[in-house]
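K.L.:
Fold the following.
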Amino acid sequence: MSDGAVLLATLQLADAALPIGRFVHSHGLEAWLAAHPGATDDALAELVEATVCEGVAPLDGAVVAHAHRCTALAPLLALDRRLTARKLTPAARAASLSCGRRLAALAPRLAPGDPLVADLCARVRAREADGNLAVVAGTLARALGVPARDAVLVELRGAASALLSAAVRLDAIAPSQAQVVLARLAPALAAAAERALAAPADRLSSTAPELELHALAHARADVRLFGS
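P.N.:
Predicted coordinates for the structure are as follows:
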């Protein structure tokens with residue numbers, strides 16, 4: 001693929017319009033904001049950075065990288081099972097599987113000539129594989145010629161963008177300021193991506209207890225706007 005085609009594929013994977021449901025989840029942020037009604041933009045930025053760099057990058061980001069490197073179905077399925085086992089909260093598992101399965105329904109049409117994408121997505125559709133988002137996204141990115149580093153960056157930026165988008169819709173931060181925060185986080189996200197790329201498959205981890213606890217509280221709320 002030409003450089004232009006690869007760039008366009010990368011932009012498509014990063015596009016908020018990609019219909020996988022990423023932005024219906026707040027990942028506990030809705031409950032966190034309810035518990036911190038006076039949270040400043042700086043506090044929110046710190047929370048997003050910690051969540052993505054310490055929670056998403058060493059787990060989902062690393063899985064994207066490993067899925068990108070897979071050349072056979074068996075290790076992909078093993079990676080998928082391993083990721084599910086490391087999603088500690090029901091909300092985290094539900095969000096990962098919901099978005100991943102939607103991408104699996106679309107992926108064969110985005111990369112129609114790739115047998116590994118076809119095989120993985122067929123297993124996901126048949127519920128013979130969990131279909132976590134990071135596994136499907138990494139496999140699709142490889143098929144589209146998107147470099148592993150860029151695929152991981154798309155995953156991390158997508159996670160940060162989803163959190164900030166939820167904060168905007170919950171009226172906790174102005175849309176323009178959310179974009180400023182996202183730009184400010186770029187160096188931290190890039191550094192976290194490098195760590196994710198180097199993470200061994202048997203050392204996957206996630207440390208985001210603050211939002212995970214609020215995600216559990218969110219599930220018990222009588223009224224909520226987001227799925228998680």
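K.L.:
How far off centre is the host helix or strand of Arg123?
P.N.:
Element membership for Arg123 (DSSP states H and E) is helix 115-125. Taking CA atoms, centre = their mean, to the nearest Å, the mean C-alpha location of helix 115-125 is offset from the chain mean by 19 Å.
K.L.:
List of residues touching that helix?
P.N.:
Defining contact as CB atoms under 8 Å, 6 or more residues apart in numbering, one finds that helix 115-125 is touched by 70-73, 76-77, 100-101, 104-105, 107-108, 111, 129-131, 135-136, 139-140, 142-143. From N, CA and C alone the C-beta is placed, and that goes for glycine too.
K.L.:
Any of the residues you listed buried? List them.
P.N.:
Buried members of these, scored by 16 or more other CB atoms under 10 Å, are 70, 73, 76-77, 100-101, 104-105, 107-108, 111, 129-131, 135-136, 139-140, 142-143.
K.L.:
before we move on, back to that, inside helices: which ones of the contacts of helix 115-125?
P.N.:
73, 76-77, 100-101, 104-105, 107-108, 135-136, 139-140, 142-143 (DSSP state H).
K.L.:
Tell me, please, the helix or strand in the protein that averages the lowest pLDDT.
P.N.:
Between all helices and strands in the chain, the lowest mean by mean pLDDT, DSSP states H and E belongs to helix 209-219, at a mean of 69.
K.L.:
Once you drop chain neighbours, what's closest to Gly55?
P.N.:
Nearest non-adjacent residue to Gly55, counting by CB to CB, 6 or more residues apart in numbering: Ala208, 2.8 Å away.
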